[in-house]
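Undergrad: sequence and predicted structure, then a few things I'm wondering about:
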Amino acid sequence: MLLNCDLGESFGSWCMGMDADVMPHIDLANVACGFHAGDPIVMSQTIALAREHGVRLGAHPAYPDLVGFGRRSMRMSAEELRSSLLYQIAALDGMAASAGTAIGYVKPHGALYNDMMADSAIRETVMAAVASFHRPLKLMLLATSEQAHHREAAAAHGLELLFEAFADRCYDDTGHLLSRRVPGAVHGRERMLQQVADLLENGCVTTDTGKRLSLSADTLCVHGDNLEGVAAIREIRALVDRRAAS
């Protein structure tokens, strides 16, 4: 299972995350494109860091919400959202090409990601936008019980999907992430490592009600915003590597 992480989220003098510490331990870097975080210098530095460690690049576009870090939903027309996504993806793609590399997928950020998973119209717009890019890119979605339906919808656009699970987030019985506003929505270290082990060994997670839920995921999202997060990523990397070697 591939490890992905949201990176390049610093902006100006504001520093977010520990990208240099995280990058050696992941496979996929979801790079902010300037709308919720990131700026041209940060994007360039993140691309160079990913290239140094052989990490694949993906665009991490968001609603235009720097103040709210992209965590607030915004009402946008389909045309506005499509154009906004293409603008952000093209910016990172162009910078990556200038550095001798390329992006391979798109993972929406924050509120846009949640809205995409909850609203079929928004999801359709996101799929159409990614599919209309000048070359093929994959789209990352949350792995849920609706994967077959999502794959069918993507196929209508000629779009390939990557499905992801989360290491540190609690799930509800529908297979969606529990809201961060709910106590226990984010796992501590021990439960997080148990969830990773269950995903690797059994392809399932335990929901907030104790139900065992099957999930088929291509990639696992990890977070490295602090020293504890970086240490957790190292442990998760070790679990994944041991599983791959067995």
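TA: That came through fine.
Undergrad: for the protein, what spans make up the helices?
TA: Per DSSP state H, the chain carries helices over the ranges 19-22, 40-53, 78-98, 110-118, 120-131, 147-155, 189-202, 227-245.
Undergrad: dump those to TSV, plus mean neighbour count, mean pLDDT and distance to residue 219.
TA: Just so you know, the C-beta spots here come from the backbone N, C-alpha and C atoms, and that holds for glycine as well. Formatted as TSV, the helices of the chain follow (neighbours: other C-beta atoms under 10 Å; pLDDT from 0 to 100; distance: least, C-beta to C-beta, whole Å):
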stretch	mean neighbour count	mean pLDDT	distance to residue 219
helix 19-22	20	95	15
helix 40-53	18	98	15
helix 78-98	17	98	18
helix 110-118	20	95	14
helix 120-131	19	98	16
helix 147-155	14	96	13
helix 189-202	16	92	11
helix 227-245	15	90	11
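Undergrad: closest to residue 170 out of the ones you listed?
TA: Closest to residue 170 of the helices of the chain, according to C-beta to C-beta: helix 189-202, at 8.3 Å.
Undergrad: show me what that closest one is packed against.
TA: Under the contact definition 3 or more C-beta pairs under 8 Å, 6 or more residues apart in numbering; DSSP states H and E, helix 189-202 sits against strand 204-206, helix 227-245.
Undergrad: can you redo the ones you listed as TSV with distance to residue 18?
TA: Compiled in TSV, the helices and strands packed on helix 189-202 are given as follows (distance: least, C-beta to C-beta, whole Å):
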stretch	distance to residue 18
strand 204-206	26
helix 227-245	5
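Undergrad: ok, which of those comes nearest residue 136?
TA: Going by C-beta to C-beta, the one of the helices and strands packed on helix 189-202 nearest residue 136 is helix 227-245, 26.6 Å.
Undergrad: got the confidence number for the most centrally placed residue in the chain?
TA: For the chain, residue 107 is the residue whose C-alpha lies nearest the centre (C-alpha atoms, centre = their mean; 4.9 Å). For residue 107, the model assigns a pLDDT of 98.
Undergrad: next one: residue 69 from residue 94, what distance?
TA: 24 Å (C-beta to C-beta, to the nearest Å).
Undergrad: ok, which of the helices and strands packed on helix 189-202 comes nearest residue 11?
TA: Nearest of these (C-beta to C-beta): helix 227-245, 19.2 Å.
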